[in-house]
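J.: Curious how this folds, go ahead:
(one chain, ligands or ions: 1)
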Amino acid sequence: MTASVTLNDGTTIPQLGFGTFQVPPEETAATVGEALAAGYRHIDTAQGYQNEQGVGQALAASGIPRDEIYVTSKLTNSMHERDDALRSFDETMDKLALDRLDLFLIHWPLPTKYDGDFVSTWKVMLELLESGRVTSVGVSNFQPDHLRQIIDATGVAPVVNQIEAHPFFRNDVARAASHEHAIAVEAWGPLAKGEAVKDATIQEIASSLGRQPSQVTLRWHIQRGDIVFPKSMHRERMEENLQIFDFELSDEQMARIDALDQGEAGRQGPNPDTFDRV
Ligand SMILES: NC(=O)c1ccc[n+]([C@@H]2O[C@H](COP(=O)([O-])OP(=O)(O)OC[C@H]3O[C@@H](n4cnc5c(N)ncnc54)[C@H](OP(=O)(O)O)[C@@H]3O)[C@@H](O)[C@H]2O)c1
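T.: Numbering: from 1, shown residues only. Down below sits the predicted model:
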């Protein structure tokens, strides 16, 4: 039902998953349970979302074999120092009730915090990798220069860079820099927080194909080769967002969506060069 992407460490990740940002902690077990029942087998959470415990409860309750589900979490901004990072990783594993995590990411580079030292944090991620408790490690919101610094210092490239990307902000500069290092791109906010479904061009393409605007938007990401995990609190939308592997966009339709890019003006989230909330 869903395609997978091979990462630079030889592992594979489902190209489509379920996002959990702003899924309230008390509703997470039920919501992620619905997503698993709908067919999702890749869940994206983070320490900062405060809902890892609910994700863990849903995974346990689902009865789905561990090796059939891909789970990602992220190191939160206040935990970049070695001891904090190691301790918070232990807490993540307790909350998720897992022996092994599939993917752990540095959530934000925070170049204006910790004396600009995200290289040391990347080295802690490599230590965690070495421990065998996480299968793959990556980064999120890393700009081209941030990627270069951690790779120059360690010789090890992240498997993914999870960055904001959607039709209004293609973020092709950070995407190209990731690809240069064989780093797969995960596009966060793939529906532009729901705004993409209201766009006239996307709606027109959707009606010409007899599909939903959300499906057209997600299909555009898939054909660009990116990994996506739309979030929804609604079962019918969860199902709709899964049905994107039984149709294709033409080159012309892809180009029309490409043309919606507004560059920096289309960015919805913080700029990683200046974001400093710890
Ligand atoms: N690394 C980072 O810094 C970072 C930052 C942000 C997000 N993320 C990750 O990326 C995931 C996805 O991003 P996101 O949650 O910010 O935004 P998103 O997936 O682009 O959009 C979610 C919004 O779209 C609505 N929606 C979902 N499916 C829809 C459909 N079929 N039709 C109409 N509306 C629909 C949802 O509403 P309902 O819930 O009401 O259905 C919600 O308001 C997150 O959940 C998180 O896992 C990572």
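J.: distance of whatever residue of the chain ends up closest to the ligand from Leu218?
T.: Sorted by distance to the ligand under Cβ to the nearest ligand atom, the residues of the chain start with Gly19, at 2.3 Å. In short, each C-beta sits where N, CA and C put it, glycine included. As judged by Cβ to Cβ, to the nearest Å, Gly19 and Leu218 stand 12 Å apart.
J.: Overlap of the contact sets of the two?
T.: Counting by Cβ atoms under 8 Å, 6 or more residues apart in numbering, the residues touching both Gly19 and Leu218 are Pro230.
J.: re earlier: test my guess that the residue of the chain closest to the ligand contacts Glu186.
T.: No. If you go by Cβ atoms under 8 Å, Gly19 and Glu186 don't touch, sitting 9.9 Å apart.
J.: Give me the more crowded residue out of the two.
T.: When neighbours are counted by other Cβ atoms under 10 Å, Glu186 comes out ahead of the other of Gly19 and Glu186, with 29 against 26.
J.: Is that one in a helix, a strand, or coil?
T.: strand (DSSP: H, G, I helix; E, B strand; the rest coil).
J.: per-residue pLDDT, it?
T.: With respect to pLDDT, Glu186 has a value of 99.
J.: before we move on, what about Thr2?
T.: At Thr2, the predicted lDDT confidence score is 76.
J.: I'd guess it is in a helix, am I close?
T.: No. With three-state DSSP as the criterion, Thr2 is located in coil rather than a helix.
J.: so what's the residue nearest to Leu103 when sequence neighbours are not counted up against?
T.: In space, Leu103 comes closest to Thr72 once its chain neighbours are excluded; the distance is 4.2 Å by Cβ to Cβ, 6 or more residues apart in numbering. Applying Cβ under 8 Å, 6+ apart, one finds that Thr72 lies in contact with Gly17, His42, Ile43, Asp44, Thr45, Leu101, Asp102, Leu103, Phe104, Leu105.
J.: what helix or strand does Ala255 sit in?
T.: When secondary structure is defined by DSSP states H and E, Ala255 falls within helix 251-258.
J.: how about that helix: buried residues?
T.: Of the residues in helix 251-258, those buried by neighbour count under the rule 16 or more other Cβ atoms under 10 Å are Gln253, Met254, Arg256, Ile257.
J.: In CSV, list those along with pLDDT and distance to the ligand.
T.: Converted to CSV, the buried residues of helix 251-258 look like this (pLDDT from 0 to 100; distance: Cβ to the nearest ligand atom, whole Å):
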residue, pLDDT, distance to the ligand
Gln253, 98, 18
Met254, 98, 19
Arg256, 98, 20
Ile257, 99, 15
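J.: can you give me the helices for the protein?
T.: Remark: helices assigned in the chain by DSSP state H are 25-38, 52-62, 82-96, 119-131, 144-154, 172-180, 200-209, 213-224, 235-242, 251-258.
J.: Thank you kindly, that will do.
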